[in-house]
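Colleague: quick check, what structure comes out for this input:
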Amino acid sequence: MSRSDAPSLPATFNRLAWSNLAAQSAEQIALAAAPIVAVLLLGIGEGQSGLLQTALTAPFILFAIPAGLLADRCSRRVLMASAEALRALALLTIVLAILLGGITLPLLAGLGFTAVCGTVVFSVAAPALVPSLVTPALLPAANARIELARTIAFASGPALGGMLVGWIGAAPAFACAAVLSIAAVGCLAGIDEPARAPVPQRHPRQDIEEGAAFVLRHPLLRPVFVTQFIFNTAHFLLLAVFVPYAVHRLGLAATGVGTVLSMFGAGMVMGALLATRIMRRLPFGTVIGLGPVAGFVAALIMALTTVIPSAWLAGVSFFLLGAGPILWVISTTTLRQSVTPANLLGRVSAINILSYGARPLGSLLGAVIGGTYGAEVCLYLVALIFGLQALVILTSPAVTLARQPEMQPA
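Modeller: Okay, here's the model as predicted:
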């Protein structure tokens, strides 16, 4: 794309994009540092590590819907700033506890849980805020910018978190994450959020039912939600068995496993960088279908490694799993923002995040089926499930859309 063709996003949105990059980086550094600190400082084992990971993922299930209610009733900018401030406070408390020698596993888990609550609120409110900051024509470019920040943080944050703990110590690593959260709050302070009409006071249950009914009855959003739920199940089934499979079947050492897994982040960054150009040149519905189809192709390539054990094939599989689905995230976020009335955006974004609830389901399937029948059977099941999610979206009206739908009024 030439420089003259590149979309120009408003300064107030760019502040949101920078805030998102800082917030996502803070999250990934802290999530990487927490288990390292738990093992090195507290000497925990696998079972306790699993409990810690549960505490760090539970807020997505527990608080997505309440966050959506708040996002539709309050200033989204103020809500996001408050969430980041809460995260910064939790991270600084971890720093203080480490410095004073008072860090324990329950305290680390509790403060980590609190910090991730900030992540949930930010993740729900940000997509709901974007349509008020840019014109409808700029939504794909804006969402691509948001996702690029997330993918950069996702790809670099875990490694950076580990290196910070190793280089400067546990407390300074969490302090760096806290500084990033504070920077995110500062960026949000400069955003001029347009005023919204007051929301009538109703029982929260009515608001939840309204948001859920909108998604589940909408001919475009319902298959998107179902596809995403199935995709998350298959993806985390794959992740649950890949490392032992890569070591025992593909003959990879730790460095090789890490290199193959890093191809997922590389694919995400590449997809995010090319997303705006692709969405300008292909029909809108075609772009929506690319992610699930890429996931299915990736799963077939991974299943092929059971016949042709190859780290290269596994790397290509993970690259496609990153590049295709990031186009899915950008295009379906744009779709969601376009067809959802502004007063429902928070709740609809929250229901979308509930599809993450499929992740522990996929991990559990990997533990049960992999432990009983082996990793190869899991990989064949992964291909079958990825095929199902591609079928759901390819038979839906979403892939027939020639262009981005018109924005809906409040």
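
Colleague: only C-alpha atoms for contact and neighbour calcs from this point on.
Modeller: Will do.

Colleague: neighbours around Ile168, how many?
Modeller: 10 (other CA atoms under 10 Å).

Colleague: can you pull the contacts of it?
Modeller: Applying CA atoms under 8 Å, 6 or more residues apart in numbering to Ile168 gives no contacts.

Colleague: please, where are all the helices along the stretch 251-400 of the chain?
Modeller: For the stretch 251-400 of the chain, the helices defined by DSSP state H, counting those that start in this stretch occupy 254-281, 284-304, 311-339, 345-353, 358-373, 375-394.

Colleague: deepest-packed of those, please.
Modeller: For the helices of the stretch 251-400 of the chain, the largest average neighbour count (mean count of other CA atoms under 10 Å) is found in helix 345-353, namely a mean of 27.

Colleague: for that helix, name the packing helices and strands.
Modeller: Packing partners of helix 345-353 (3 or more CA pairs under 8 Å, 6 or more residues apart in numbering; DSSP states H and E): helix 64-73, helix 105-129, helix 204-217.

Colleague: let me see the mean pLDDT of the first one.
Modeller: In this case it means helix 64-73. The average pLDDT within helix 64-73 is 82.

Colleague: show me the contact partners of it.
Modeller: 79, 120-121, 124-125, 128, 198-199, 204, 207-208, 343-351, 353-354.

Colleague: need the pLDDT of Gly47.
Modeller: pLDDT, Gly47: 53.

Colleague: worst mean pLDDT among the helices of the stretch 251-400 of the chain?
Modeller: Averaging pLDDT over each of the helices of the stretch 251-400 of the chain puts helix 358-373 lowest, since it has a mean of 75.

Colleague: which strands or helices does that one pack on?
Modeller: Partner elements for helix 358-373 (3+ CA pairs under 8 Å, 6+ apart): helix 221-248, helix 375-394.

Colleague: want to throw these into JSON lines with distance to Met407?
Modeller: Listed next are the helices and strands packed on helix 358-373 as JSON lines, based on distance: least, CA to CA, whole Å:
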{"stretch": "helix 221-248", "distance to Met407": "14"}
{"stretch": "helix 375-394", "distance to Met407": "22"}
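
Colleague: and those helices: which comes nearest Ala298?
Modeller: Ranking the helices and strands packed on helix 358-373 by proximity to Ala298 (CA to CA) places helix 375-394 first, at 8.3 Å.

Colleague: report the inter-axis angle for that closest one versus helix 284-304.
Modeller: 170 degrees (axes from the mean of the first three to the mean of the last three CA atoms, to 10 degrees).

Colleague: what's helix 375-394 in contact with?
Modeller: Outside helix 375-394, the residues that reach it (CA under 8 Å, 6+ apart) are 223-224, 226-228, 230-231, 234-235, 237-238, 241-242, 245, 289, 292-293, 295-296, 299-300, 302-303, 306, 366, 369-370, 399.

Colleague: same deal with stretch 213-226?
Modeller: With CA under 8 Å, 6+ apart, stretch 213-226 has contacts from 332, 336, 348, 351-352, 355, 389, 392-393, 396-398.

Colleague: now that stretch: buried residues?
Modeller: For stretch 213-226, burial by neighbour count (16 or more other CA atoms under 10 Å) applies to 214-216, 220-226.
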